[in-house]
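Novice: next come a sequence and a model predicted from it.
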Number of protein chains: 4
Amino acid sequence: MTLAHTFAGLTAAPFTPFRPDGELNLDRVADQAGLLEESGVRGAFVNGTTGEGPSLTTDERKELAERWVREAGGRLRVIVHSGHASVAEARELTRHAASIGADAVAVTAPYYFRPGVADLVGFLADVAAAAPRLPFYFYDIPSTTGVLLPTAEVLRRAADRIPNLAGVKFSNPDLLSLQECVNLDGGRFEVMFGVDEYLLAAVALGATGAVGSTYNYAAPVYHRMLAALSKGDLEAARRDQSESAKLVRALIDFGGVRAGKAVMGMLGVDCGPVRPPLRPMTRDESAGLYERLKDLPIFPRPLRKPG
Amino acid sequence: MTLAHTFAGLTAAPFTPFRPDGELNLDRVADQAGLLEESGVRGAFVNGTTGEGPSLTTDERKELAERWVREAGGRLRVIVHSGHASVAEARELTRHAASIGADAVAVTAPYYFRPGVADLVGFLADVAAAAPRLPFYFYDIPSTTGVLLPTAEVLRRAADRIPNLAGVKFSNPDLLSLQECVNLDGGRFEVMFGVDEYLLAAVALGATGAVGSTYNYAAPVYHRMLAALSKGDLEAARRDQSESAKLVRALIDFGGVRAGKAVMGMLGVDCGPVRPPLRPMTRDESAGLYERLKDLPIFPRPLRKPG
Amino acid sequence: MTLAHTFAGLTAAPFTPFRPDGELNLDRVADQAGLLEESGVRGAFVNGTTGEGPSLTTDERKELAERWVREAGGRLRVIVHSGHASVAEARELTRHAASIGADAVAVTAPYYFRPGVADLVGFLADVAAAAPRLPFYFYDIPSTTGVLLPTAEVLRRAADRIPNLAGVKFSNPDLLSLQECVNLDGGRFEVMFGVDEYLLAAVALGATGAVGSTYNYAAPVYHRMLAALSKGDLEAARRDQSESAKLVRALIDFGGVRAGKAVMGMLGVDCGPVRPPLRPMTRDESAGLYERLKDLPIFPRPLRKPG
Amino acid sequence: MTLAHTFAGLTAAPFTPFRPDGELNLDRVADQAGLLEESGVRGAFVNGTTGEGPSLTTDERKELAERWVREAGGRLRVIVHSGHASVAEARELTRHAASIGADAVAVTAPYYFRPGVADLVGFLADVAAAAPRLPFYFYDIPSTTGVLLPTAEVLRRAADRIPNLAGVKFSNPDLLSLQECVNLDGGRFEVMFGVDEYLLAAVALGATGAVGSTYNYAAPVYHRMLAALSKGDLEAARRDQSESAKLVRALIDFGGVRAGKAVMGMLGVDCGPVRPPLRPMTRDESAGLYERLKDLPIFPRPLRKPG
């Protein structure tokens, strides 16, 4: 068994395209999907953190998911984030994802009333039951939900209650938990790593996939890195990963999701503004971000200077 | 000017009544409103934390707000919590509250993407603009939103952008910020304190109102406390407050909102189960809670032993 | 029983005087003690947070405590903070405090290995046993120790193991715990409140004393506040407290302990620089702080403009 | 350049041996050093977190460091942790380490007054200046100090002020910062990773050394892992790392340092009790830990059942 066989490839978490007035710009989805295919990305994780999913209405989330399923056309695997602070909305989003032919759903911990392990498992089981035949992932992202629990214990207990449990989207720096998830029950769960800036570390530890924000626009560097690792060239893989680290530090310095969305524009796929509480990038910020990024050898197309 | 004149009274944050199957039980609202009136409570803060507002769907929140406005019949002031992780949903809830004749709205910080001061003010301004003539409150509750900011600075900046800003529901232990809010701009903002177990402290510092969970079922002890304080009998006020402290410690020990909801049943106003991620009270927990509470001299009716 | 009888007065937590070269400047202690007596302060809490106790060596802490006991001359009650990350050093400091005739010791939670309740009680018991006849206080200050536990439960369990347990220095915003400490075991423990900017709240809830940083240089406003409260004039008390709130916000904006130390200089009692990791005040910062403070009606002497 | 050349090997952070009465048991050091040499470990990191350094007195820390330097006899590299909440004690410990011939010192952020970047750099520079020719490491361990800062920025700024800066002991889960430290200034700093349970991840990202607790008693599994990695057998390396993950989860479940100390006893090198605030292992806990560990293929000697 080699890495090439076990690692399922990159899934991008697309930005949600808005028009200048803040409404959904569904027509942009085709361009986004095109860029992903051009980049060799295998899937789209819709309505996630990068997609400002929690900032959308339930109706908008449905519309966007539908469009992605259509544009993916079976060439991209579509996972819909259907988590919500409200279990009832989460159930509805989950049911809807199944109805439109999404490939899977992923659900965060609820992010207003923050649960312990038992209560989280109860919540997830309630949501998963709304689409009992659809592959179900726990979306573990403590930095935004504020819920930091031993992930493998969550999976272990969830497995008893959720027959369709398929794995975890692991956006969590705790790589002890990561290993436990990878090894749980003979390795039956898919563990999609979500911290792009050290994907190499997670793959070394056995992560079987990756879902992230930077795969929207910088997939080439990760593909190079994975190829190097497959050939046993750890030095080269490390160099590629360090380019990703520079990218992510620049994004952090410029505000995260809002900065990433600006990069989409630099690649010619304008996804419009962000929604409050995220703050629009100023002209100066975009220019500063461009300067930080323009020479990184990681993009599928040359970056355009923001206007 | 005396305390009796400046303190606007107690507003309860009602529990949301569910049927055993978990659906809204709107017919229970009349009983809840009746208990509030019987207890001398002046207002209802609907869809708040106690009401599991973030666990409801947008449609459920609207239905429940409508029913409360109707049952309040002008005898109770109705404030609707219209905060949401999604600015778009928050705007819709705010617009709706105005359309049904609610007296005010209150809006939390968004609780997935956690903002700084400037971004929070931008978010609140966007939401407030959906009902520009309705009194607007910032609902400051760091323990659930994870957003801990200097409240008075938020108010000060929000005042420039939100003409209808009326004040703050202050569910925050930071009593330095509380004083600053009370004194801001000549005291023009209403500061409704939300930590029932030390209301006395907040009133001493100038809070002009109170919104809380325990006013649903234990208003008498707070009224006694406020009356004692008005007469200058701080020792008596303190004794009353210490009974509230015992109540709240018991609630904390038994899980907070879920425990409070059980108390409603002990007073003959069964509000049904809680929603995930909150966990149902077991029989043993209810019995244990009853034992902790039964002798506290704070309830408007004798407690019934849970069955 | 009236407030005047139960409230034991103000204890200041003195700044540690350093020479320009960073060494102890013990000769300044007489001036500091003089200012306290002039201000009607009743006690000194030596080597606490304000005194940068954890930044001193064990030998320095002993020297400073000795000097304070001597200068206090029985006119000021001297409480020595003898907490330390090392239980062995804490024991030695405690033993020493008894040997020099200090009136009491106070001990924080250890601040490297952060304990739960049982382990904290074990630690405190070990330390207290080094001076079994000296009154012993738990110094509860979560903001610096990172140890946030239910204080009354700590006291309750500590009481079984520490015969000389006298109470708690309560530098904690949790006023539910405050009330529980006040009421514990019939009110047998002294509860010295440590959040100066809302002392009024704590006194309203039954705190029996106060230990703080601003009592070094702003005792008059607190004495006025307490007198107003004793006469039942809550409005006047609140106004006084709000002056303290302005002071403390200015201190926070200029960095806390380092800013307070600068105020000592403005009152003519130069206590020298702070020690790393605290950073020296720049000239501009001192001037800015002076502007914020100069018109507050709270100081025992007029402030001198820093040079 | 191959991994075998760049990776400097394992450094263990020894437990501090106490006698049953809690006093230092210096005679045990020879046995500890012997086990390290037998295990192929290259260095000892004395008075660190595993060694309960912050629970010792300054005198004890000196005595223990002296004994380690003597027993190491040049065969083990001795790094002395000389961090302290007090800059003055930290300077003294640093000076002392140089005077006894230690190979290096490492210093944590101060853990009572928690600094920002600039203040931390000032603190470290002050301490480092006490031994200006001794290699100096920043010991970055946010979980105990409560100080979480961008590590590479700390190093970058510290490099300007500390000519003897040699690198960082990186006990921090942030692997973005890890990569930045590895790549800083052409890779001139040594980056010793401190999270044993995912050393593989850190080595993949370029860590140049490792300092940890489990290398005291489980070095064989890490040596196997590193050897597999050197041969390009990532699968085998991952399997070895997963054995370490099982070990560390067991340690966490049984309380961390105290549990690790019990393992020393199972290997025949009894290091005695722990110091408060750590709590002694009960007989049942030791037995339970033994059951969890006894079949793991990671120890240099068979485990003895605790008596």
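Specialist: Received it, and whenever you're ready, just let me know what you need.
Novice: for the rest of this, base every contact and every neighbour count on C-alpha atoms.
Specialist: Fine.
Novice: list the contacts for the closest residue to chain D within the stretch 201-307 of chain A?
Specialist: Per C-alpha to the nearest C-alpha, A:Ala201 is where the stretch 201-307 of chain A lies closest to chain D, at 4.2 Å. With contact set as C-alpha atoms under 8 Å, 6 or more residues apart in numbering or on different chains, A:Ala201 has these partners: D:Leu200, D:Ala201, D:Ala202, D:Ala204, D:Leu205.
Novice: any chance of these in CSV, plus distance to A:Ile141, pLDDT and secondary structure?
Specialist: Output for the contacts of A:Ala201, formatted as CSV (distance: C-alpha to C-alpha, whole Å; pLDDT from 0 to 100; DSSP: H, G, I helix; E, B strand; the rest coil):
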residue, distance to A:Ile141, pLDDT, secondary structure
D:Leu200, 23, 98, helix
D:Ala201, 20, 98, helix
D:Ala202, 21, 98, helix
D:Ala204, 24, 97, helix
D:Leu205, 22, 98, coil
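Novice: for those residues, work out which two are farthest apart.
Specialist: For the contacts of A:Ala201, with distances taken as C-alpha to C-alpha, the pair at the greatest spread is D:Leu200 and D:Leu205 (8.6 Å).
Novice: average pLDDT across the host helix or strand of A:Ala125?
Specialist: A:Ala125 is part of helix A:117-128, with elements assigned from DSSP states H and E. Averaging pLDDT along helix A:117-128 yields 98.
Novice: going by contacts, tell me the helices and strands next to it.
Specialist: Where contact means 3 or more C-alpha pairs under 8 Å, 6 or more residues apart in numbering or on different chains; DSSP states H and E, helix A:117-128 is packed against helix A:87-99, helix A:151-161.
Novice: right, and the ones you listed - which one's nearest C:Ile79?
Specialist: Nearest of those to C:Ile79, taken as C-alpha to C-alpha: helix A:151-161 at 46.9 Å.
Novice: for that closest one, list the C-alpha coordinates in PDB.
Specialist: Output of helix A:151-161 as PDB, limited to C-alpha atoms (Å, rounded to 0.1, in the frame of the first residue of the first chain):
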ATOM      1  CA  THR A 151     -12.300  14.000  18.500                       C
ATOM      2  CA  ALA A 152     -11.700  10.200  18.500                       C
ATOM      3  CA  GLU A 153     -14.000   9.800  21.500                       C
ATOM      4  CA  VAL A 154     -16.700  11.800  19.700                       C
ATOM      5  CA  LEU A 155     -16.300   9.500  16.600                       C
ATOM      6  CA  ARG A 156     -16.300   6.300  18.700                       C
ATOM      7  CA  ARG A 157     -19.500   7.200  20.400                       C
ATOM      8  CA  ALA A 158     -21.100   8.600  17.300                       C
ATOM      9  CA  ALA A 159     -20.400   5.400  15.500                       C
ATOM     10  CA  ASP A 160     -22.800   3.600  17.800                       C
ATOM     11  CA  ARG A 161     -25.600   6.000  17.000                       C
END
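Novice: what sits up against that helix?
Specialist: Residues from elsewhere that reach helix A:151-161, judged by C-alpha under 8 Å, 6+ apart: A:117, A:120-121, A:124-125, A:138, A:140, A:165, A:167-168, A:177-178, A:180-181, A:184.
Novice: hmm, try it at 6 Å
Specialist: The contact list for helix A:151-161 (C-alpha atoms under 6 Å, 6 or more residues apart in numbering or on different chains) reads A:Val121, A:Ser177, A:Glu180, A:Cys181.
Novice: which residue ranges form the helices in chain A?
Specialist: Applying DSSP state H to chain A gives helices spanning A:3-6, A:29-39, A:58-72, A:87-99, A:117-128, A:142-145, A:151-161, A:175-183, A:199-204, A:219-230, A:234-253, A:257-266, A:283-293.
Novice: tell me the most buried of those?
Specialist: Highest mean neighbour count among these (mean count of other C-alpha atoms under 10 Å in any protein chain shown): helix A:199-204, with a mean of 25.
Novice: distance from the chain centre to that helix, please.
Specialist: With C-alpha atoms, centre = their mean, to the nearest Å as the basis, helix A:199-204 stands 16 Å off its chain's centre.
Novice: spit out the contact partners of the residue nearest to A:Ala13 when sequence neighbours are not counted.
Specialist: Among residues not flanking A:Ala13 along the chain, A:Phe45 sits closest, at 4.4 Å (C-alpha to C-alpha, 6 or more residues apart in numbering or on different chains). Going by C-alpha under 6 Å, 6+ apart, A:Phe45 touches A:Ala12, A:Ala13, A:Ile79, A:Val80.
Novice: do A:Val117 as well
Specialist: Here A:Val117 is in contact with no residue (C-alpha under 6 Å, 6+ apart).
Novice: try 8 Å
Specialist: Contacts of A:Val117 (C-alpha under 8 Å, 6+ apart): A:Leu149, A:Glu153, A:Val154.
Novice: how about those residues in TSV, adding pLDDT?
Specialist: Listed next are those as TSV, based on pLDDT from 0 to 100:
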residue	pLDDT
A:Leu149	97
A:Glu153	98
A:Val154	98
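Novice: what's the closest of these to chain C?
Specialist: Among the contacts of A:Val117, and counting by C-alpha to the nearest C-alpha, the member closest to chain C is A:Leu149, at 18.7 Å.
Novice: the closest one and chain D, how far apart?
Specialist: To chain D, A:Leu149 is 14 Å away according to C-alpha to the nearest C-alpha, to the nearest Å.
Novice: cool, A:Val69 as well?
Specialist: Taking C-alpha to the nearest C-alpha, one finds A:Val69 at 33 Å from chain D.
Novice: okay, A:Ala8: pLDDT?
Specialist: pLDDT recorded at A:Ala8 is 83.
Novice: what is the burial count for the residue lying closest to it once chain neighbours are set aside?
Specialist: Counting by C-alpha to C-alpha, 6+ apart, A:Ala8 lies nearest to A:Gly209, which is 5.0 Å off, once chain neighbours are set aside. By the criterion of other C-alpha atoms under 10 Å in any protein chain shown, A:Gly209 has 22 neighbours.
Novice: now do the one 3 residues further on
Specialist: The criterion is other C-alpha under 10 Å. On that basis, A:Gly212 has 26 neighbouring residues.
Novice: who touches the nearest residue to A:Pro115 once chain neighbours are set aside in this structure?
Specialist: Nearest residue to A:Pro115 in three dimensions, chain neighbours excluded: B:Pro277, at 6.1 Å (C-alpha to C-alpha, 6+ apart). By C-alpha under 8 Å, 6+ apart, the contact set of B:Pro277 is A:Val87, A:Pro110, A:Phe113, A:Arg114, A:Pro115, A:Asp119, A:Leu120, A:Gly122, A:Phe123.
Novice: one more: A:Gln241?
Specialist: Neighbouring residues of A:Gln241 by C-alpha under 8 Å, 6+ apart: A:Glu197, A:Tyr198, A:Leu199, A:Leu200, A:Val221, A:Tyr222, A:Met225, D:Leu205.
Novice: per-residue pLDDT, the third one?
Specialist: Translated: A:Leu199. So A:Leu199 comes in at 98 (pLDDT).
Novice: ok, it to D:Asp174 distance?
Specialist: Counting by C-alpha to C-alpha, to the nearest Å, the gap from A:Leu199 to D:Asp174 is 13 Å.
Novice: find the nearest non-adjacent residue to A:Tyr111, please.
Specialist: What sits nearest to A:Tyr111 in space, not counting adjacent residues and going by C-alpha to C-alpha, 6+ apart, is A:Thr145, at 4.8 Å.
Novice: distance to A:Glu291 added to the contacts of A:Gln241, as a markdown table?
Specialist: As requested, those are exported to a markdown table (distance: C-alpha to C-alpha, whole Å):
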| residue | distance to A:Glu291 |
| --- | --- |
| A:Glu197 | 20 |
| A:Tyr198 | 23 |
| A:Leu199 | 25 |
| A:Leu200 | 26 |
| A:Val221 | 19 |
| A:Tyr222 | 22 |
| A:Met225 | 24 |
| D:Leu205 | 26 |
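Novice: ok, back up a step: got the helices of chain A as JSON lines, with distance to A:Glu23 columns?
Specialist: Shown next, in JSON lines, are the helices of chain A (distance: least, C-alpha to C-alpha, whole Å):
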{"stretch": "helix A:3-6", "distance to A:Glu23": "40"}
{"stretch": "helix A:29-39", "distance to A:Glu23": "14"}
{"stretch": "helix A:58-72", "distance to A:Glu23": "9"}
{"stretch": "helix A:87-99", "distance to A:Glu23": "20"}
{"stretch": "helix A:117-128", "distance to A:Glu23": "28"}
{"stretch": "helix A:142-145", "distance to A:Glu23": "24"}
{"stretch": "helix A:151-161", "distance to A:Glu23": "36"}
{"stretch": "helix A:175-183", "distance to A:Glu23": "38"}
{"stretch": "helix A:199-204", "distance to A:Glu23": "34"}
{"stretch": "helix A:219-230", "distance to A:Glu23": "28"}
{"stretch": "helix A:234-253", "distance to A:Glu23": "25"}
{"stretch": "helix A:257-266", "distance to A:Glu23": "16"}
{"stretch": "helix A:283-293", "distance to A:Glu23": "22"}
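Novice: before I go, just wanted to say thanks for your time.
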